[in-house]
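> Curious how this folds, go ahead:
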Amino acid sequence: MHMSRDPVSYFAHGPPVKPQAKPIILGIGFGATATHSLTYILRRLGFRTIHYEPYQLFHALATRQFDEFAAYADAWTDDPMGGLWEIFAQVFVNAKFVLSTRADYHRRFVTKCVDPPRQSVVSRCLMYGMVCPQDKNETNALERAHREHVLATVPRERLLIVNISNGEMTLER
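Next comes the predicted model:
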């Protein structure tokens, strides 16, 4: 199986993928940017929401069974969706996006990408690249670059930004 977070590379290999019309919410912020809170809010609003279940994402990518993925939930939040969202956006043509963000982004486990391979490590490497950031400055730079890319790529009418920079959740458009 060819694995890439680049949609051009992903769709160039393997059988064609059938576009899915189901409206779905993709939480595309990095982990530790209020993805738990976003999950709670979406569930309170009645959405079947999945928080950090990378094996479901990996299974959909590997099998190209996106109809099964769509049947499992209405909304997906947390890693590694922030690193894979562009593939899912091409499959789910009616997807809406929520970018959770914070000004002072950092992860307390950034050095664990060198651990023996396991699902959480693969998930993090899909988010951050093959070499995980080693300090707060690197993670802040990655989060800023991710945010800028999302803002330049996702149509504004399909994007909601949740910013928790001041310790409270504010919405941006």
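
> helices and strands of this protein: which one has the lowest mean pLDDT?
Comparing helices and strands within the chain by mean pLDDT, DSSP states H and E singles out helix 119-128 as the least confident, with a mean of 61.

> helix or strand right after it?
As assigned by DSSP states H and E, the chain's next helix or strand after helix 119-128 is helix 136-153.

> Give the pairing partners of the next helix or strand after that following helix; include direction for each.
Past helix 136-153, further along toward the C-terminus, the next helix or strand under DSSP H and E is strand 159-163. Partners of strand 159-163 in the sheet, by DSSP bridges, are strand 96-101 (parallel), strand 170-172 (antiparallel).

> Ranked by average pLDDT, which of the ones you listed falls at the bottom?
Mean pLDDT across the strands paired with strand 159-163 is lowest at strand 170-172; the value there is a mean of 64.

> dump the residue contacts of the closest residue to Arg158 other than its chain neighbours.
In space, Arg158 comes closest to Lys96 once its chain neighbours are excluded; the distance is 5.4 Å by C-beta to C-beta, 6 or more residues apart in numbering. Heads up, the C-betas are built off the backbone N, CA and C, glycines and all. Contacts for Lys96 were tallied using C-beta atoms under 8 Å, 6 or more residues apart in numbering; they are Pro23, Ile24, Ile25, Leu26, Arg158, Leu159, Leu160.

> List the beta-bridge partners for Lys96.
Bridge pairing for Lys96 - DSSP bridges - gives Ile25.

> Mind checking what secondary structure the residue nearest to Asp74 when sequence neighbours are not counted has?
With C-beta to C-beta, 6+ apart as the measure, Phe47 is the residue that lies nearest to Asp74, at 4.3 Å, once sequence neighbours are left out. Assigned by DSSP: H, G, I helix; E, B strand; the rest coil, the conformation of Phe47 is coil.
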